[in-house]
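> Quick one, fold the following:
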Amino acid sequence: MTDFNNFLNLLSQSSDAIAVERDNEIIMMNDSAKKVFTHMPESFPCDISELLPQDLIESEAERCSGYNEIGGKPFYISMYRMKDCRVFTFLPEQYDDSADFDYLATVNEAIRTPLATLSSAASIMLPIVESSGNETLSRSLAMIFKNYFKLLRISNNIIGFNEMKKRSTKLNLKNVDLLSLCRNLVNTVSLLTKERGVRIWFKTTLKSADLYADFDKLEYVLLNLLSNSLNHTGIGDDINVSVSGAGGFYIVTVSDTGTGVPAPALPTIFEPRIKKKDLDDLEPGLGMGLAYSRHIISAHGGSMVLESREGEGTTVRFTLPKTKDLDKLAESPIRFGEYGIIPVLTELSDILSLDCFEAKYLD
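As a prediction, this is how the structure comes out:
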């Protein structure tokens, strides 16, 4: 008990906002947390539901991260277990303003037109190169397409970052068959990445999971999570995608048996930022995909939690509210992506082999 009291005393002196929970009750909150959460009671223990989203409360992971608005203020929340308690750290949402992102957005708008021109020109060349039978031309054109999709992904990430910064996300709500969306994505990604030796599975016990949502943005979220898993898995690993239901929500889970997330990175895992590249940094992208995915789910009225143990794998779980009276809403056809395979080639452009950008997939 003395060791535990010393541990609590050490946490109480931290400059970070920290709370300790036992049996679903807050038993300690340090002065930094009390200054932030002024609406909380003075005495402890008190109800944990005042501070945490339900999926974090129910998590059985050793370590996980999530996001919640507390007292009208947004916070990134990380958790780790200590004996029979859980320690929660609350970091206020802060955007990285070290770069002029408004200028970056202006530059991004300027490159969208030449990107579209590049795509059109390459598409015109596609049947000509295919009919020529020239392997060198075919591989060169595939390289053009692959790098076009890489640039398009970067451009989309910049647009997503500015949506987060300005809190201006607009959802194009339609009827969405969540099971078909997940199943089709898993099948397509499995086909395109089979040479990596990673098994991708889709599991559900639900017979239907229809909701009112933005199809393209949900597709982006799922592709981002699959891309992250593929980047941290190898031959013999598994990626599992599942859909379940609980109360008024559908729960989508993407888990893998890969390398996991290092513990120091968990507290800010959902923080939107531009990654500074080092020479030995092999991570693709700008580092904004997970933050934007969390933002999209929040805009739908859901939440996202990430659980991970280094060397053992990662699980990301997000909720989406079920839609009442769905039959009264405007119908949209069940399809895979607004533009076919293009979203997959875009979001997985750093992962897919050059073969995936040849004519057989782009026709």
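> hey, let's count contacts and neighbours off CA atoms from now on
Noted.
> mind listing the helices for this protein?
For the chain, helices defined by DSSP state H occupy the ranges 2-12, 31-36, 54-58, 101-132, 135-166, 178-192, 215-231, 289-299, 342-347, 359-362.
> Tell me which residues are up against the first one.
This points to helix 2-12. Contacts to helix 2-12, defined as C-alpha atoms under 8 Å, 6 or more residues apart in numbering, come from residues Ile18, Met28, Met29, Asn30, Asp31.
> Could you do the third one as well?
Defining contact as C-alpha under 8 Å, 6+ apart, one finds that helix 54-58 is touched by Asn24, Ile48, Ser49, Cys64, Ser65, Gly66, Ser303, Val305.
> Next: the second one.
For helix 31-36, the external contacting residues (C-alpha under 8 Å, 6+ apart) are Ser12, Gln13, Ser14, Ser15, Asp16, Ala17, Ile18, Ala19, Met40, Phe90.
> can you pull the pLDDT of the third one?
Turning to Ser14, the model gives it a pLDDT of 82.
> And the last one, by the same measure?
Predicted confidence (pLDDT) for Phe90: 88.
> gap between it and Ile297?
Between Phe90 and Ile297 the distance is 20 Å, computed by C-alpha to C-alpha, to the nearest Å.
> circling back to that earlier point, let me know which of the helices of the chain is the nearest to Gly72.
Checking the helices of the chain against Gly72 by C-alpha to C-alpha gives helix 31-36 as the closest, at 11.2 Å.
> re the thing from before, taking the contacts of helix 54-58 one by one, which sit in strands?
Judged by DSSP state E, strands contain the following of the contacts of helix 54-58: Cys64, Ser65, Gly66, Val305.
> any low-confidence regions in the stretch 101-250 of the chain?
Scanning the stretch 101-250 of the chain with the threshold set as pLDDT under 70 gives 101-102.
> per-domain residue ranges of this protein.
The record's domain parsing of the chain by automatic domain parsing lists 2-92, 101-166, 173-349.
> closest one to Glu358 among the ones you listed?
Proximity to Glu358 (C-alpha to C-alpha) singles out domain 101-166 among the domains of the chain, at 5.0 Å.
> Distance from the closest one to the middle of the chain?
Relative to the centre of its chain, domain 101-166 is centred 23 Å away, using C-alpha atoms, centre = their mean, to the nearest Å.
> do the same with stretch 203-220
Relative to the chain's own centre, stretch 203-220 is displaced by 15 Å; criterion: C-alpha atoms, centre = their mean.
> Numbering from 30 from now on, please.
New numbering, starting at 30: the last item is stretch 232-249.
> buried stuff in it?
For stretch 232-249, the neighbour count (16 or more other C-alpha atoms under 10 Å) marks Ala238, Asp239, Leu240, Tyr241, Ala242, Asp243, Phe244, Asp245, Lys246, Leu247, Glu248, Tyr249 as buried.
> Redo the residues you listed as JSON lines? Include distance to Arg338.
Formatted as JSON lines, the buried residues of stretch 232-249 follow (distance: C-alpha to C-alpha, whole Å):
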{"residue": "Ala238", "distance to Arg338": "30"}
{"residue": "Asp239", "distance to Arg338": "33"}
{"residue": "Leu240", "distance to Arg338": "32"}
{"residue": "Tyr241", "distance to Arg338": "34"}
{"residue": "Ala242", "distance to Arg338": "32"}
{"residue": "Asp243", "distance to Arg338": "32"}
{"residue": "Phe244", "distance to Arg338": "31"}
{"residue": "Asp245", "distance to Arg338": "30"}
{"residue": "Lys246", "distance to Arg338": "28"}
{"residue": "Leu247", "distance to Arg338": "26"}
{"residue": "Glu248", "distance to Arg338": "26"}
{"residue": "Tyr249", "distance to Arg338": "25"}
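> Of all residues in this structure, which one is nearest the centre?
Nearest to the geometric centre of the chain sits Leu319, at 3.4 Å (C-alpha atoms, centre = their mean).
> what sits against that residue?
Neighbour list for Leu319: Val250, Asn253, Leu254, Ile298, Phe299, Pro301 [criterion: C-alpha under 8 Å, 6+ apart].
> That one and Val250: what is the separation?
From Leu319 across to Val250, the span is 8 Å (C-alpha to C-alpha).
> same deal with Pro291?
22 Å.
> Counting neighbours, go ahead and name the busier of those two.
Val250 (22 against 11; other C-alpha atoms under 10 Å).
> From Leu147, how far off is the residue of the chain most remote from its centre?
In the chain, the residue that sits farthest from the middle, by C-alpha atoms, centre = their mean, is Ser161; the gap is 41.4 Å. Distance of Ser161 to Leu147, computed by C-alpha to C-alpha: 21 Å.
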